[in-house]
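[1] Structure for the following, please:
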Amino acid sequence: MNAPVDTETQGSGPHPLHDPEQVKVNPYDIPLAEIDVANPYLFEANVHWDWFKRLRDEAPVHYCAESEFGPYWSVTRYEDIMTVDTSHKIFSSEPTITIRDQLDDFEMPMFIAMDRPKHDVQRNTVSPTVGAEALRQFAPIIRERTIDVLDNLPVGEPFNWVEHVSIELTTRMLATLFDFPFEERRKLTWWSDLATTIPGVEGLVENDEEWKKEMLGCLEYFMNLWNERAALPPSNNFISRLVHGDETRNMEPMEYLGNLLLLIVGGNDTTRSTMSASVLCLDKHPEQFAELKADPSLIPDMVSETIRWQTPLAHMRRRALEDTELGGQTIREGDKVVMWYVSGNRDERFFDRPNEFDIHRENLRKHLSFGFGIHRCMGNRLAELQLHTLWEEILNRFDRVEVVGEPKRSLSVFVKGYRELPVILHPKT
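    I've put the predicted structure just below:
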């Protein structure tokens, strides 16, 4: 799945506008003009839903004049998001596609934050790594690893599903996609978490300078891999394709780093979030889990509905290339426009009973989570394959995956995921 880098805040602590106390505020008690949905604490506490519902109902294209990220437009309805996502000549993905601007002295270009033609050239260089032929080769590897992970889990005692299943499976897949040293694969998890962290808040790094130092360490490690692959014949992994690509072999180091982090976060945070969400959803809906056990052919529908329900990436950002009108509002050239996928996937105007989890939903594959247009997630089929395989093997082994505590969610307005999900496995009898 595509994803960019998003540090979200500067300095050594939460910004005054990122007020943890905002989670206690009723969004209907404040003036509409003062609503700022870009507060990571709302997402961590899972209380952002009413904030977005108010915007969908009263101001579907809403201007926030003051935020930690500067002024921005929120686009919250399904159809309006589709308009922005597919109007590439009006809404640009440059210079970045998160609500937060990149640090002035540490810009990392990446192809998801580029427009045509450069976007297409770089995307087409690496996309065969997750193309149809590659998926056929990956399928048995994914199944073998899924079996290995599940067969080594503790049964009948609590453990953290995020750490032992979701992160482990996605990190193993990432190591394959990069042909990364397998014994050091957890470095990929670290860099993925670091790329989207809030310095000074989550405990990974204390400030922007530490963050930049860690990112440069990532670049140094991957430059060694670049040099190794340059001396070898081309092969099907992201690094080799960049090294040997006609249009990418001479890219600057910071552009290489930007694309690496895009591919790391895109292949890690998003799939692992959905792996965890699927367990949570089916625990809360035992009747649908029972249907799944009785008819495993429903797994693809369950996977799509989970991706809609969870929305692993909460937003993508664009920049207006010209004055334009959307939802009755005039957006000026240069304005920051944020497509809130997390809101569009819960739009009552498009999805019936959108807050419910329903594996029989008629239009469940029309979710926004993969994006649309030229930036549609290039790894969507791989993500679905991993999830499908996981649940086939779960159903072969377990009668129930019981959630035994409240999940701990990510502190982020970009990656909508989980840090902890305590579960107990009940074996099939």
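
[2] Check for me that residue 388 belongs to a helix.
    Yes. The assignment for residue 388 by DSSP: H, G, I helix; E, B strand; the rest coil puts it in a helix.

[3] doesn't residue 302 make contact with it?
    No. Between residue 388 and residue 302 there is no contact under CB atoms under 8 Å: 9.1 Å. Using the backbone N, CA and C atoms, a C-beta is placed for each residue, glycine as well.

[4] These two - which one has more neighbours?
    Ranked by neighbour count (other CB atoms under 10 Å), residue 388 and residue 302 place residue 302 first, with 26 against 17.

[5] how about the lowest-mean-pLDDT helix or strand in the chain: buried residues?
    Lowest by mean pLDDT, DSSP states H and E among the helices and strands of the chain is helix 118-126, with a mean of 77. Counting neighbours by 16 or more other CB atoms under 10 Å, one finds that the buried residues in helix 118-126 are 119, 122, 123, 125, 126.

[6] ok, the last one - contacts?
    For residue 126, the contacting residues are 238, 241, 242, 245, 259, 263, 378, by CB atoms under 8 Å, 6 or more residues apart in numbering.

[7] repeat that for 6 Å
    238, 241 (CB atoms under 6 Å, 6 or more residues apart in numbering).

[8] Check the fourth one too.
    Listed by CB under 6 Å, 6+ apart, the contact partners of residue 125 are 241, 245, 248.

[9] Please name the nearest non-neighbouring residue to it.
    residue 245 (3.9 Å; CB to CB, 6 or more residues apart in numbering).

[10] Residues contacting stretch 306-313, please?
    Here stretch 306-313 makes contact (CB under 6 Å, 6+ apart) with 270, 273-274, 277-278, 281, 341-342, 345, 357, 364, 367, 369, 416.

[11] Which single one of the buried residues of helix 118-126 is nearest to residue 337?
    If you rank these by distance to residue 337 using CB to CB, residue 119 comes first, at 17.8 Å.

[12] Give me the below-cutoff pLDDT ranges for the stretch 51-200 of the chain.
    Within the stretch 51-200 of the chain, the ranges that satisfy pLDDT under 70 run 103-105, 107-119.

[13] Helices of that one, residue ranges please.
    For the stretch 51-200 of the chain, applying DSSP state H, counting those that start in this stretch gives helices covering 78-86, 118-126, 132-151, 161, 167-178, 186-195.

[14] Can you tell me which of those helices is most buried?
    Counting by mean count of other CB atoms under 10 Å, helix 161 has the highest mean neighbour count of those, with a mean of 24.

[15] picking up where we left off before, would you turn the contacts of stretch 306-313 into TSV with neighbour count and pLDDT?
    As requested, the contacts of stretch 306-313 are exported to TSV (neighbours: other CB atoms under 10 Å; pLDDT from 0 to 100):
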residue	neighbour count	pLDDT
270	29	79
273	26	95
274	28	95
277	24	98
278	25	98
281	21	98
341	26	98
342	23	98
345	22	98
357	20	98
364	20	94
367	22	96
369	25	94
416	24	94
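
[16] Please point out which parts of the helix or strand where residue 261 lies sit buried.
    With elements taken from DSSP states H and E, the one containing residue 261 is helix 253-284. Neighbour-count burial for helix 253-284, with 16+ other CB under 10 Å as criterion, is recorded at 254-283.

[17] Now do that helix and helix 186-195, the angle between them.
    Helix 253-284 and helix 186-195 are oriented at 90 degrees to each other (axes from the mean of the first three to the mean of the last three CA atoms, to 10 degrees).

[18] Which neighbouring elements make contact with helix 253-284?
    Packing partners of helix 253-284 (3 or more CB pairs under 6 Å, 6 or more residues apart in numbering; DSSP states H and E): helix 167-178, helix 186-195, helix 299-310, strand 398-403.

[19] Of the ones you listed, which is nearest residue 77?
    helix 299-310 (15.3 Å).

[20] After the closest one, heading C-terminal, what element do we hit next?
    strand 316-320.

[21] Can you tell me which helices and strands that following strand packs against?
    With 3+ CB pairs under 6 Å, 6+ apart as the test, strand 316-320 has strand 336-339 packed against it.

[22] mind redoing it with 8 Å?
    Strand 316-320 is packed against strand 91-92, strand 336-339, with contacts defined by 3 or more CB pairs under 8 Å, 6 or more residues apart in numbering; DSSP states H and E.

[23] Note down every partner strand of the first one and its orientation.
    Under the criterion DSSP bridges, strand 91-92 sits next to strand 316-320 (antiparallel) in its sheet.

[24] Kindly report the same for the longest one.
    Using DSSP bridges, the strands paired with strand 336-339 are strand 72-75 (parallel), strand 316-320 (antiparallel).

[25] In TSV, list the helices and strands packed on helix 253-284 along with distance to residue 36.
    What follows is those, written out as TSV (distance: least, CB to CB, whole Å):
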stretch	distance to residue 36
helix 167-178	31
helix 186-195	24
helix 299-310	23
strand 398-403	32
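
[26] rewinding a little: between helix 167-178 and the helix holding residue 261, find me the angle.
    If you take the same axes, to 10 degrees, helix 253-284 sits at 150 degrees to helix 167-178.

[27] and the following helix or strand past helix 253-284 with helix 253-284, angle?
    For helix 253-284, the following helix or strand on the C-terminal side (DSSP H and E) is helix 286-294. Angle, helix 286-294 to helix 253-284, by the same axes, to 10 degrees: 100 degrees.
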